[in-house]
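K.L.:
Next comes the sequence, and after it the predicted model I'd like to discuss.
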Amino acid sequence: MSDGSLADAYSRTGAAWDAGPGRIYDRLSEELVARLPAGATGDVLDLGAGTGAASRAAAAAGAEHVVAIDLAPGLLAVNASDRPPAVVGDARVLPFRDGAFDAVVAAFSLNHIPDPRTSLSEIARVLRPDGSVAVSAYSTDDSHPVKEVVRAACAARGWVAPEWYWQLQREAMPRLATPERALAEASGVLPGARADVVRVAFPELDRHALVAWRLGMAYLAPFVASLDEPARAALIEEAVAHVGEAPLVAKTTARWHVADDAGRRR
């Protein structure tokens, strides 16, 4: 999987992401920011910022300054005039000096990296003494019927999953998908880290909102955008008709940590 293919796919997803998955990731980001051990104070880095869910959550929680970074410029461009300063960059080689931030939030970003330990080392480097970290990743048993319903409806119209998606599923996402695996990656890098499975319910989401969530994902959104309006409407109608009424309960692996000066890797 090349960084370019992944970044390009997400860059082409910005508007669809904000209209569909955005409302879900806003809530998940609020839950994550609330778990920062020392709170969202001072200078906060939103690592893998996407369209800004964690940036907004950190600002609302009291951060004085937020800086966003993401590999996909198209995501950072969404509502850019209303967002904190942002830089296009790689989570494995952060373009910031040592000890630049009081807190780092990585909401569902490190699970896109086959070697998350490298990024965790970079997070430790840019933290100030007693800095605070909160990281979330997709849980191994996080599922909902809408996922397969939408994939099947798209496949019936010619969609084929891109290779980068399967590589993510095989190589990157399993690395942080359970608390035990997440803590193994953090071992020796973020000493004293904790990890739990967090369940967040979305009982208010109807079938249309659930389908919009999936159609806005980066591995599907470019295909959906390529359809003409009648075909797109038919796809949505079919998916909504087959979803059922199961409420969404997102399961995430969340990890958080407070650094001390002696325990940080330099």
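P.N.:
Alright, I've got the coordinates. Note that the structure is predicted; figures quoted are calculated from it, not measured.
K.L.:
burial of the residue nearest to residue 125 when sequence neighbours are not counted, as a residue count?
P.N.:
Nearest in space to residue 125, with sequence neighbours left out and distances taken as CB to CB, 6 or more residues apart in numbering, is residue 98 at 5.6 Å. In short, each C-beta sits where N, CA and C put it, glycine included. With neighbours defined by other CB atoms under 10 Å, the count for residue 98 comes to 11.
K.L.:
Can I take it that residue 98 is in a helix?
P.N.:
No. With DSSP: H, G, I helix; E, B strand; the rest coil as the criterion, residue 98 is coil rather than part of a helix.
K.L.:
How about the contacts made by the residue nearest to the spatial centre of the chain?
P.N.:
With distances taken as CA atoms, centre = their mean, the residue of the chain nearest its centroid is residue 108 (2.6 Å). Contacts for residue 108 (CB atoms under 8 Å, 6 or more residues apart in numbering) come out as 25, 28, 48, 136, 137, 138, 252.
K.L.:
do residue 45 as well
P.N.:
Residues counted as contacts of residue 45 (CB under 8 Å, 6+ apart) are 66, 67, 68, 69, 94, 96, 100, 101, 103, 104, 105, 126.
K.L.:
ranking those residues by neighbours, who comes first?
P.N.:
When neighbours are taken as other CB under 10 Å, the top entry among those is residue 105 (33 neighbours).
K.L.:
Please check which residues sit opposite that one as beta-bridge partners.
P.N.:
Counting by DSSP bridges, residue 105 forms beta bridges with residue 46, residue 134.
K.L.:
ends of stretch 198-210, how far apart?
P.N.:
20 Å (CA to CA, to the nearest Å).
K.L.:
Would you map the helices across the stretch 151-266 of the chain?
P.N.:
Assigned helices in the stretch 151-266 of the chain, in chain order: 163-167, 179-186, 207-215, 221-226, 229-243 (criterion: DSSP state H, counting those that start in this stretch).
K.L.:
And the fourth one, what does it pack against?
P.N.:
Just to be clear, that refers to helix 221-226. helix 14-19 (3 or more CB pairs under 8 Å, 6 or more residues apart in numbering; DSSP states H and E).
K.L.:
Tell me the buried residues in the helix it packs on?
P.N.:
Applying a neighbour-count criterion of 16 or more other CB atoms under 10 Å, the buried positions in helix 14-19 are 14, 15, 16, 17, 18.
K.L.:
In helices only, show me the contacts of residue 108.
P.N.:
Assigned to helices by DSSP state H, the following of the contacts of residue 108 qualify: 25, 28.
K.L.:
Now stretch 164-182: buried residues?
P.N.:
Across stretch 164-182, burial judged by 16+ other CB under 10 Å covers 164-165, 167-168, 172-179, 181-182.
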